[in-house]
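Chemist: how does the following fold in three dimensions:
(one chain, ligands or ions: 1)
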Amino acid sequence: MYAILTKCWRNLHGARQLLVNLRALHKSATSEALGISAAGQADMPERLLSPNTARGSNVEKTTLKSLKEMPGPSTLSNLIEFFWRDGFARIHEIQLEHQKKYGKIFKSRFGPQLVVSIADRELVAQVLRAEGVAPQRANMESWKEYRVMRGHSTGLISAEGEDWLKMRSVLRQLIMRPRDVAVFSDDVNSVVDDLIKRLDILCSQQPDGTTVLNVNDLFFKYAMEGVAVILYECRLGCLQNEIPKETQDYISALHLMFSTFKTTMYAGAIPKWLRPIIPKPWEEFCHSWDGLFKFSHIHVSKRLSQIKAQLERGEEVKGGMLTHLLVTKEMTMEEIYANVTEMLLAGVDTTSFTLSWATYLLARYPHVQQQIHAEVEKTLGPNTVASADDVSQLPLIRGLVKETLRLFPVLPGNGRITQEDLVVGGYFIPKGTQLALCHYSTSLDEESFVDATDFRPVRWVRKDTTDHVDNFGSIPFGYGIRSCIGRRIAELEMYLGLTRIIQKFRIEMSPKTDDVKAKTHGLLCPGAPINLKFVEREY
Ligand code: HEM
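Modeler: Residues are numbered from 1 along each chain as shown. Purely as a prediction, here's the structure:
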């Protein structure tokens, strides 16, 4: 999926030699023999020689270190950081602080849970390149428990192993490549039309006629409408003056999920026996999921009825992903409900936060905006509506999205539970260990990105076809077989939305907005409302 920078590949390939599957190399030295528990919590009892040495090669001798030897903050300092200093809102900053203090790889303990953090692009690349057929991101027990309780299936985010593999292989055929989603170009553009109309209305409601307060509200509605037109093959009315009630109910359920993020996070962390005493987190968690599943039921059932009616009339049934799933029955109805529910959940805030940051950065860096506008004007003129096919002619629009996601990766960190014993950065990491891949700190690493805190979309533009500028320092959609399945949908929405906005308006900072810092609230989001001016361009 990602073309890897040739230069980068050489580095990575070298580094990859270090990542050794101990099982393969030490056939006789099992984890048990090394005193490593299945859950991966125990450390090696003593220092081991590296596999190369063990095999008697003349490769330079290196020594494997155990998790015990890995640096990291103490449990107490972690507790203070997170519960006393509200570290949950600063997870991204803590990544940077810990990387500075403890280096490229460090461990943290959250009660019984040990987490190994990896804050180096080459080590991240090693881990992701060595993944098996069905990587696991995190412990999803509370998500699974809710689904079992209600008789729902798991979807791509919550499923594991065979179940995940089966659903992923169906969905990846439908939406993983840019050309798969290019067919939705007209549908997305009809949503962009409504975005621009809504933007005009919001501006007209302000005394200066140009300001939009809290742009994320607008982009949230755009992202929801945009993803739904693809997932449900219908319009929801998010950008209308009067939002339909069922859509409004869904938005409330989604807001509940995120506003109670901390409490719902505890829904998984609080042991079951404590639920009668502290019931709120689990109740809120179930309540918001009920709302999300209900919404998918309504819209999937609507599409199913339409298809049945078309078939009864003897008409040909045409449609997108949902129609394909309903007609081919490659998934059960429960699997379809669960997947569209999880995709809608994953596809709204991620895209809207990125659009908010992109427009904020354009306002803060007018000379960059000018460059991008020049490209759009040259390619499309003032009025041509961009389609998916035009995107290849707009490298700076693609660079804008990449650079925004580098500076503000919506998922500042990602997780993996190791499915084999691994050696990473000279440490022995037993199977079953929770890894945290620190994308925020690798994105801001000067070794990967010169003047890393500068906003420079042009750094992603290729000089020619042999020049690749992908970089494991910034992989905002993840990498490999478990990467974001909605990447191409999100990109299409963002490319078409941003191109039209830049074509039509000059974006400026509003005096009501100063420097907006990021905060982590599950996702990396603006820490304060972003208010911007959209001044209509004169051609
Ligand atoms: C700017 C927008 C988005 C960003 C930055 C983003 C980022 C990510 C990341 C980092 C992951 C984890 C990948 C991994 O573990 O390697 C992920 C997973 C996922 N994303 Fe996205 N995402 C975005 C938009 C979307 C959209 C629009 C959808 C749905 C249409 C979506 C659906 C999913 C799903 C279902 C998964 C789980 C995939 C699996 O486990 O197989 N995402 N996303």
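Chemist: tell me how many other residues crowd Asp445.
Modeler: Close neighbours of Asp445, defined as other Cβ atoms under 10 Å, add up to 19. Yep, even glycine has a C-beta here, placed from its N, CA and C like the rest.
Chemist: that one: what's it in contact with?
Modeler: Applying Cβ atoms under 8 Å, 6 or more residues apart in numbering, one finds that Asp445 lies in contact with 120-121, 452, 473.
Chemist: around the ligand, pick out the residues from this protein.
Modeler: Contact residues, the chain versus the ligand (Cβ under 6 Å from any ligand atom): 137, 156-157, 168, 227, 342-343, 346-347, 350-351, 354, 405, 410-411, 414, 476-479, 482-486, 489-490.
Chemist: the top helix by length along the chain packs against which elements?
Modeler: Determined from DSSP state H, the single longest helix within the chain is helix 280-312. Helices and strands touching helix 280-312, as assessed by 3 or more Cβ pairs under 8 Å, 6 or more residues apart in numbering; DSSP states H and E, comprise helix 141-150, helix 245-259, helix 261-269, helix 321-328, helix 333-347.
Chemist: just want the angle from it to helix 245-259.
Modeler: The directions of helix 280-312 and helix 245-259 differ by 150 degrees, with axes from the mean of the first three to the mean of the last three Cα atoms, to 10 degrees as the criterion.
Chemist: can you give me the angle helix 280-312 makes with helix 141-150?
Modeler: Helix 280-312 runs at 60 degrees relative to helix 141-150, counting by the same axes, to 10 degrees.
Chemist: what comes up buried for helix 280-312?
Modeler: Residues of helix 280-312 classed as buried under the neighbour-count rule (16 or more other Cβ atoms under 10 Å) are 281-282, 284-286, 288-289, 291-293, 295-296, 299-300, 303-304, 306-307.
Chemist: ok, the contacts of Asp445 vs Pro71, which is closest?
Modeler: Nearest to Pro71 out of the contacts of Asp445 is Asp120 (Cβ to Cβ; 13.8 Å).
Chemist: any idea how far the longest helix of the chain is from the chain center?
Modeler: 23 Å (Cα atoms, centre = their mean, to the nearest Å).
Chemist: now it: mean pLDDT?
Modeler: pLDDT averaged over helix 280-312 equals 93, rounded to a whole number.
Chemist: what packs against the host helix or strand of Ile502?
Modeler: Using DSSP states H and E, Ile502 sits within helix 487-504. Contacts of helix 487-504 with other secondary structure elements, assessed using 3+ Cβ pairs under 8 Å, 6+ apart, are made with helix 178-182, helix 185-204, helix 215-231, helix 349-364, helix 366-380, helix 395-407.
Chemist: of all the ones you listed, which lies closest to Lys463?
Modeler: helix 395-407 (10.4 Å).
Chemist: and the contacts of the helix or strand following the closest one?
Modeler: On the C-terminal side of helix 395-407, the closest following helix or strand by DSSP H and E is strand 414-417. Residues from elsewhere that reach strand 414-417, judged by Cβ under 8 Å, 6+ apart: 127-128, 131, 135-139, 432-437, 439, 478.
Chemist: ok so, going back, what angle do helix 349-364 and the helix holding Ile502 make with each other?
Modeler: Our comparison of helix 487-504 with helix 349-364, counting by the same axes, to 10 degrees, yields an angle of 30 degrees.
Chemist: mind exporting helix 487-504 as CSV, just the C-alpha atoms?
Modeler: Output in CSV follows, covering the C-alpha atoms of helix 487-504 (Å, rounded to 0.1, in the frame of the first residue of the first chain):
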residue,chain,number,x,y,z
ARG,A,487,-7.9,5.7,4.5
ARG,A,488,-9.0,6.2,0.9
ILE,A,489,-12.5,7.3,1.9
ALA,A,490,-11.0,9.9,4.4
GLU,A,491,-8.5,11.1,1.8
LEU,A,492,-11.2,11.5,-0.9
GLU,A,493,-13.4,13.6,1.5
MET,A,494,-10.4,15.7,2.6
TYR,A,495,-9.0,16.3,-0.9
LEU,A,496,-12.3,17.3,-2.4
GLY,A,497,-13.4,19.4,0.5
LEU,A,498,-10.1,21.3,1.0
THR,A,499,-9.6,21.9,-2.8
ARG,A,500,-13.1,23.5,-3.1
ILE,A,501,-12.6,25.6,0.1
ILE,A,502,-9.2,26.9,-1.1
GLN,A,503,-10.5,27.5,-4.6
LYS,A,504,-13.4,29.6,-3.2
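Chemist: mind listing what's buried in it?
Modeler: So for helix 487-504, counting by 16+ other Cβ under 10 Å, buried means 487-504.
Chemist: with stretch 187-205 instead?
Modeler: So, applying 16+ other Cβ under 10 Å, buried residues of stretch 187-205: 188-189, 191-192, 194-196, 198-200, 202-203.
Chemist: looking at these, spot the one nearest Ala182.
Modeler: Distance to Ala182 across the buried residues of stretch 187-205 (Cβ to Cβ) is lowest for Val188, with 10.0 Å.
Chemist: quick one: contacts for that closest one?
Modeler: 226, 229-230, 492-493, 496.
Chemist: still on that earlier bit, what's the most distant pair in the contacts of Asp445?
Modeler: Checked with Cβ to Cβ, those reach their widest spread between Asp120 and Ala452, with 14.2 Å between them.
Chemist: these two: which is more packed in?
Modeler: With neighbours defined as other Cβ under 10 Å, Asp120 and Ala452 compare such that Asp120 has more, 24 against 18.
Chemist: for the closest residue to that one other than its chain neighbours, the count of nearby residues, please.
Modeler: Sequence neighbours aside, Lys104 is the residue nearest to Asp120 in space, at 3.6 Å (criterion: Cβ to Cβ, 6 or more residues apart in numbering). Using other Cβ under 10 Å, the number of residues around Lys104 comes to 20.
Chemist: residues in contact with Lys104?
Modeler: 118-120, 123, 425.
Chemist: could you tell me the per-residue confidence at it?
Modeler: At Lys104, the predicted lDDT confidence score is 97.
Chemist: same thing with Pro382?
Modeler: In the predicted model, Pro382 carries a pLDDT score of 94.
Chemist: quick one: it from the ligand, how far?
Modeler: Here the distance between Pro382 and the ligand works out to 28 Å (Cβ to the nearest ligand atom, to the nearest Å).
Chemist: tell me the secondary structure for that residue?
Modeler: The three-state label given to Pro382 by DSSP: H, G, I helix; E, B strand; the rest coil is coil.
Chemist: could you report the neighbour count for the nearest residue to it once chain neighbours are set aside?
Modeler: The shortest distance from Pro382 to any residue that is not its chain neighbour, by Cβ to Cβ, 6+ apart, is 4.2 Å, and that residue is Tyr539. The number of residues packed near Tyr539 is 8, by other Cβ under 10 Å.
Chemist: kindly report the same for Leu79.
Modeler: By other Cβ under 10 Å, the residues close to Leu79 number 15.
Chemist: then Lys519?
Modeler: In terms of burial, Lys519 registers 18 neighbours under the definition other Cβ under 10 Å.
Chemist: torsion angles phi and psi at it?
Modeler: Backbone torsions of Lys519, given as degrees, to the nearest 10, read phi -130, psi 150.
Chemist: mind checking pLDDT for it?
Modeler: The predicted local confidence for Lys519 comes out at a pLDDT of 95.
Chemist: and what of Leu492?
Modeler: Model confidence at Leu492, expressed as pLDDT, equals 98.
Chemist: give me every residue that touches it.
Modeler: When contacts are counted by Cβ under 8 Å, 6+ apart, Leu492 touches 178, 181-182, 184-185, 188, 388, 391.
Chemist: repeat that for Leu311.
Modeler: Val317.
Chemist: gap between it and the ligand?
Modeler: When distances are taken as Cβ to the nearest ligand atom, Leu311 and the ligand turn out to be 27 Å apart.
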